[in-house]
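Novice: Curious how this folds, go ahead:
(chains A, B and C)
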Amino acid sequence: METKSIKKFDEKEFKPIGTMVFIVLLLFLTALVWFSVYNLQIERHNY
Amino acid sequence: MDKYELRAILMSGCLMAVFFSALLFNLYSRKIDVPECTPYTGIFKEPHVTQLDNNTYQAFVTAGMWAFAPTGMKFPKGSTVDFYLTSKDVVHGFLIEHKGVNLMAIPGTMNKVTVKFNEPGEYRIVCHEYCGAGHQNMMSTINVTE
Amino acid sequence: MKISKSLQRVLIVGLTMPVTLFILGAYNGVMQTLYRAGVINDSAVAGINYYQGLTMHGVINAIVLTTFFAVVFGHVVMVNYCKREPNKNLYTISMVFMVVGTLMDAVTMVTGKAQALYTFYAPLQASPYFYIGTSLLIVGSWLAYFSWLLMWKEFKKENPNEKMPVAVLGTLVNFTMWFMSSIPVAFETLVILTPWSFGWTKEINVPLTRMLFWMFGHPLVYFWLLPAYIAFYTILPKVAGGKLYSGNAARLAFLLFLILSTPVGVHHQFSEAALSPSTKLWVSILTYGVSIPSFMTAFTVGASLEFAGRKRGAKGYLDWLGHLPYFQRNNYLFGYFICGLILFIFGGLSGIVNASYSLNQMVHNTGWVPGHFHMTVAGPVVLVILGMSLYILSSVSGKPIKNKSLATIIPYLWGIGVAFLSHGLMAGGLMGEPRRSNLGLSYTNPESTLFNKYWLTSTTTTMFGGMIMGSAAIIFFYVFFSTLFSKQQFEPCIELPVLEELHNEKKVNLLNDIRPWAILSFVLVLSTYIPSLQTVLKYGKSVPNKFQFDNTQNLNDSSNLK
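Specialist: Numbering: from 1, shown residues only, chains lettered A, B, ... in the order given. From the prediction side, this is the model:
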């Protein structure tokens, strides 16, 4: 006989919210790095 | 497709589009571009610098194992220089520090970049493509005067 | 599944030869960091000069090790899922070609006859036997691919309605891409470079050879990466204690790589003359496109790991990252995978900078480039190779891994090393520090007139990282070889962890058939390479150039001709 406690992790209800947070942070980091190099290029172009 | 996966793809795609727009903006408003195709008519008889007017110069540069010619290039600040670049032997690189100028000198082709020097000082040109035993000594300087 | 003695032999050779050569490849890598930091101010150490060592490092680590692993792992995947062995003649001849080709390369490099680096750009001449050896290695790998196509055809006939397993699709897609893209480099090496190197032809169109090389050179990096992705999608979920979030997403990602990695070679040539800005712009767009399957992988693998973390009780937004089996002796593979994934975040980001059309000028040929690719190829690719080589060696030789605790910490040590190495290289690169240069002779030698003090911090950081990587490598060699020379304790077999998928997905026919994607790939290649070929032939002139690395005299000088 199986007893399911209220807190037990239900596979069927899994939603990858944590992964979405991770992806958003990843995209922010990408933008940060990219625009840093982009700005450096503009600086050097104008120097 | 799973809706979360789709959102992740859309967000990534949007970011790439933002980058691409920033590049196009640079292209059209700041004229920051990749080299254009330039016809190659053979190696320069003599690498040299020509002055076209007060602020405009043309530099015909040849990269060779293991130096850039001509040496001792000097320009007044505020000048615009068209660099024409080729190689007389193997593939070399051409990077002007502080300016973000970065070209390849490939034998049989002519490369070109236009640079405006606003600040006086010494700018090093470094070869960054392996070209043999003397590669790490292949460096030149451009002097931009007051 | 139990395997035959002959397959076992071939797989063990396929693992042992590259790992043995990797000792030389890793040694040369660490040495370079010492030369570049100015700790060594010489052109050569122990009879190997810097550029010769660099050639060995690139060829062994990035061509030999990676190709052998792709073939061995491919055999393991195909045998595991199709429950049969590949055709014996094909897999044997394949390995023979690969071994002979590699030996030719090794001999020419060690004797100093091939030191034009792993990109062997003309008109720097390498021995023709180097070009032939490399071609032989590649053709050998094609034979393995053909054997798998036959296996799949047979398996499909017996199981007509089954989905193509994700790992099988990944393997066949990878080698389809490899086959398509190695044709241009085979042409470059066998039709253009070998006759030129032998002296049978005098003139060479240099931009044409470069175009052909990079037509191969970009898909090459995906050829390295896809086996790691196969491991992330089909082995990591089980190892982490979870399930694969979506098999169809994995299939789509692989197929997108097939169409988007083949046409974009020109993005390695942004600062060259004989290719037009419009081609370069189109290639930049396609390269942004090829970042999408990697973002998809980040999502799918992330979701699979999050599932594993939550199954272990994680509750918050990101703490599932902490609930994963990082340090478990009997689950040593996890460390290899997770360190690879973390490094790849930064490797991928820096790659997007490289791909960005005019932004590439900030980084081309500077230290940034090796900084980038050590976080990709020396990140997930090599880590998966190291981890899975141990796993496969153990299973096909019937010998349990010796010293699992050491095996578990190797990837973490390696990962820390790469982080320092790449950080130094990228920082230096933005300061104009060139790649592929023996800086210790000039730029990082205080006695030199070329001395550049700014490059001392970056190269020293890199050296520190390199030494940590070297230590991790030594531990790996210890674990690998002590396992190899230990006593057999169980029956040799091939067995991969069983893949469990989270969702019950329908079979999507388009995602189980490689052919339409291969055709689309070919069309996209035409869209970038027809214009490229046109400009290369129009703006590039053939030159009668041929040079040895240490001689400024043209070997094809007209006074020497006829």
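Novice: residue ranges with poor pLDDT in chain C?
Specialist: Applying pLDDT under 70 to chain C flags residues C:558-562.
Novice: need the next SSE after the helix or strand containing residue C:229, C-terminal direction.
Specialist: Using DSSP states H and E, residue C:229 maps to helix C:206-234. Using DSSP H and E, the helix or strand that follows helix C:206-234 in sequence is helix C:236-240.
Novice: What helices and strands are in contact with that next one?
Specialist: Packing partners of helix C:236-240 (3 or more CB pairs under 8 Å, 6 or more residues apart in numbering or on different chains; DSSP states H and E): helix C:277-311, helix C:333-354. Yep, even glycine has a C-beta here, placed from its N, CA and C like the rest.
Novice: The helix or strand following that helix close to chain A?
Specialist: Under the assignment DSSP H and E, the closest C-terminal helix or strand after helix C:236-240 is helix C:247-261. No - judged by CB under 8 Å from any CB of the partner chain, helix C:247-261 and chain A are separated, with a smallest distance of 11.5 Å.
Novice: Quick one: list the elements packing against helix C:247-261.
Specialist: helix C:166-186, helix C:206-234, helix C:277-311, helix C:515-539.
Novice: returning to what we had before: any chance of the helices and strands packed on helix C:236-240 in JSON lines, plus mean neighbour count and distance to residue C:13?
Specialist: Formatted as JSON lines, the helices and strands packed on helix C:236-240 follow (neighbours: other CB atoms under 10 Å in any protein chain shown; distance: least, CB to CB, whole Å):
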{"stretch": "helix C:277-311", "mean neighbour count": "23", "distance to residue C:13": "31"}
{"stretch": "helix C:333-354", "mean neighbour count": "23", "distance to residue C:13": "23"}
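Novice: Out of the ones you listed, which gets nearest to residue C:522?
Specialist: helix C:277-311 (14.0 Å; CB to CB).
Novice: Residue C:185 is nearest to which of the helices and strands packed on helix C:236-240?
Specialist: Smallest distance to residue C:185 across the helices and strands packed on helix C:236-240 (CB to CB): 18.0 Å, for helix C:277-311.
Novice: where does the closest residue to chain B within chain A sit relative to residue C:504, distance-wise?
Specialist: Closest residue of chain A to chain B, CB to the nearest CB: residue A:44 (3.9 Å). Distance of residue A:44 to residue C:504, given as CB to CB, to the nearest Å: 54 Å.
Novice: Now distance to chain B too, for the helices and strands packed on helix C:247-261, in CSV please.
Specialist: Listed next are those as CSV, based on distance: least, CB to the nearest CB, whole Å:
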stretch, distance to chain B
helix C:166-186, 15
helix C:206-234, 5
helix C:277-311, 4
helix C:515-539, 5
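Novice: Which one of those helices lies nearest to residue C:403?
Specialist: helix C:206-234 (22.0 Å).
Novice: Correct me if wrong: the residue of chain A closest to chain B contacts residue B:98.
Specialist: Yes - using CB atoms under 8 Å, residue A:44 is in contact with residue B:98, at 6.0 Å.
Novice: Give me the pLDDT for residue A:5.
Specialist: Listed pLDDT for residue A:5 reads 45.
Novice: same question, residue A:10
Specialist: At residue A:10, the predicted lDDT confidence score is 75.
Novice: any idea how far it is from chain C?
Specialist: Residue A:10 is 10 Å from chain C, where distance means CB to the nearest CB, to the nearest Å.
Novice: and the gap between that residue and residue C:249?
Specialist: Between residue A:10 and residue C:249 the computed distance is 22 Å (CB to CB).
Novice: can you list the helices and strands packed on helix C:247-261 in CSV and add distance to residue C:199?
Specialist: Listed next are the helices and strands packed on helix C:247-261 as CSV, based on distance: least, CB to CB, whole Å:
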stretch, distance to residue C:199
helix C:166-186, 21
helix C:206-234, 17
helix C:277-311, 34
helix C:515-539, 24
